[in-house]
Every structure is written in C-alpha cells, then in structure tokens.
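[1] I need the structure of the sequence given here:
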Amino acid sequence: DHKGSVNKFIGHEVMAIDGHPKLVTHWSDTLTHVVEAGSTDEEAVEKELHEAHAEEFAAALKELEGRAQYVVKGRYVEEAILREIIEENQQAGELVGAIRDQPEETTRDARMALGEIVSNGIEAKRDEDTRTVVEALQSLSDSVNVREPTHEEEAAQVAVLVEVARQEGLEKAGGELAER
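    This next block holds a predicted model:
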C-alpha cells in the first residue's frame, strides 16, 4: 500500500491534478487525492475541484476553525555544538589533535573522518532535540508534524496546530525550550 507510506513520509495529504488519464490512474493508488482536470483555465479547475471535493474542503475548514499553525525552529550555535561533539567523542578529540597545525594535504583522511563524526553527532543531537521539542509541545497541540531540517545547524523544526486560545501556553513552552 503506497498511499499510507507516501503520505506518512511526506507528512501531509497530497493532491495531484493532471489532464492525462494514465497518469491519474498511476498516481491514484499512491497519493491522497488525484483529479483529472483537462483544462488549464484556473477558474474551470477551481470549479471542478470545488464541486468534486466541496464536502471535504468544508470539513477541513471547520476542523481548522479557531486554530493556527506555528512552526517552532531551533538552531545550534556552531562553535558550541562542535565543541560539545568533540568533547563527547574521544576519537573526535584525537583527530582534532592530529590535525592541529598540520598541512591540510597530509591530514585529508583525518579531516574526512572528523567531518563524518561531526555530521553523525549533529544528526544524533538533532533527533534527540526534536524529540524534546515534540514532547514539550504535544500536550498543547492537536497535531504535531516534524519537518526535515532546512539547514545543517538546525536543531529542530516542528509544526504544530494549536487552538488560538492556547497561544500563550505555546509561547511559554517555546521560551522554556529556548532556555535549555
């Protein structure tokens, strides 16, 4: 069943619109909604989609009423995260010592190994920090969606759907996370 795995991977319902029946048939088992629309006229496509999915759209809008989406992002301070990873990993510390004051061409392999350790360390810390953010926001939110990092120093990126009335609690939780 591709539909569940693709939608879970993407984290959202997905709608595709195409005028080619073979493509619509191909993707109908993979994506959430697939619509055959033979027109490039924006109004015609909008009318066709609205008529075919009016009840779904109305239900989705009703479900979102009184809620807002917030995206909580955290970023590492480069020097601090590098120092932390090197202090926690004996091999990384040894590599830093071996590289220090040596010509780049003679320490290429050591530099590559250190880069891999740092990359893996950041990824592990990001996973841990993302779990921490999700746990801190779970009780405030109707929906939590972990997003892929958009920058190598990004600690976490989590989208939450929260009742507007709970915004103050979300801001408080965000402030507490920032202090960690």
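[2] which residues touch the most centrally placed residue in the chain?
    The centroid of the chain falls nearest to Arg147 when counting by CA atoms, centre = their mean (0.8 Å). With contact set as CB atoms under 8 Å, 6 or more residues apart in numbering, Arg147 has these partners: 11, 71, 157-159. All C-beta atoms are positioned from the backbone trio N, CA, C, and that covers glycine.
[3] Could you do Arg100 as well?
    The neighbours of Arg100, taking CB under 8 Å, 6+ apart as the test, come to nothing; the list is empty.
[4] so what pLDDT did it get?
    Residue-level confidence at Arg100 comes out at 92, pLDDT.
[5] separation between it and Arg67?
    Arg100 sits 53 Å away from Arg67, taking CB to CB, to the nearest Å as the criterion.
[6] Next: Glu84.
    Counting by CB to CB, the gap from Glu84 to Arg67 is 37 Å.
[7] Please apply the same query to Glu179.
    Spatial separation of Glu179 from Arg67 under the definition CB to CB is 27 Å.
[8] buried ones in the helix or strand containing Val96?
    Under the criterion DSSP states H and E, the helix or strand holding Val96 is helix 90-99. Neighbour counts over helix 90-99 (16 or more other CB atoms under 10 Å) mark 92, 95-96, 99 as buried.
[9] and Glu88, what does it touch?
    The neighbourhood of Glu88, defined by CB under 8 Å, 6+ apart, consists of Gly121.
[10] now do 10 Å
    With contacts defined as CB atoms under 10 Å, 6 or more residues apart in numbering, the neighbours of Glu88 are 121, 124-125.
[11] if we can go back for a sec, what's the helix or strand just after the helix holding Val96 packed up against?
    Under the assignment DSSP H and E, the closest C-terminal helix or strand after helix 90-99 is helix 108-138. Judged by 3 or more CB pairs under 10 Å, 6 or more residues apart in numbering; DSSP states H and E, helix 108-138 is in contact with strand 67-75, helix 78-88, helix 90-99, strand 143-146, strand 154-163, helix 167-179.
[12] Quickly compare those and say which is most buried.
    Highest mean neighbour count among those (mean count of other CB atoms under 10 Å): strand 154-163, with a mean of 20.
[13] From the contact counts, what lies against that strand?
    strand 67-75, helix 108-138, strand 143-146, helix 167-179.
[14] give me every residue that touches Gly97.
    Counting by CB under 10 Å, 6+ apart, Gly97 makes contact with Ala110.
[15] Against Ser141, how distant is it?
    Counting by CB to CB, the gap from Gly97 to Ser141 is 45 Å.
[16] ok, now Gly174?
    Here the distance between Gly174 and Ser141 works out to 12 Å (CB to CB).
[17] any common contacting residues for the two?
    Taking CB under 10 Å, 6+ apart as the contact rule, the neighbours common to Gly174 and Ser141 are 70, 72, 160.
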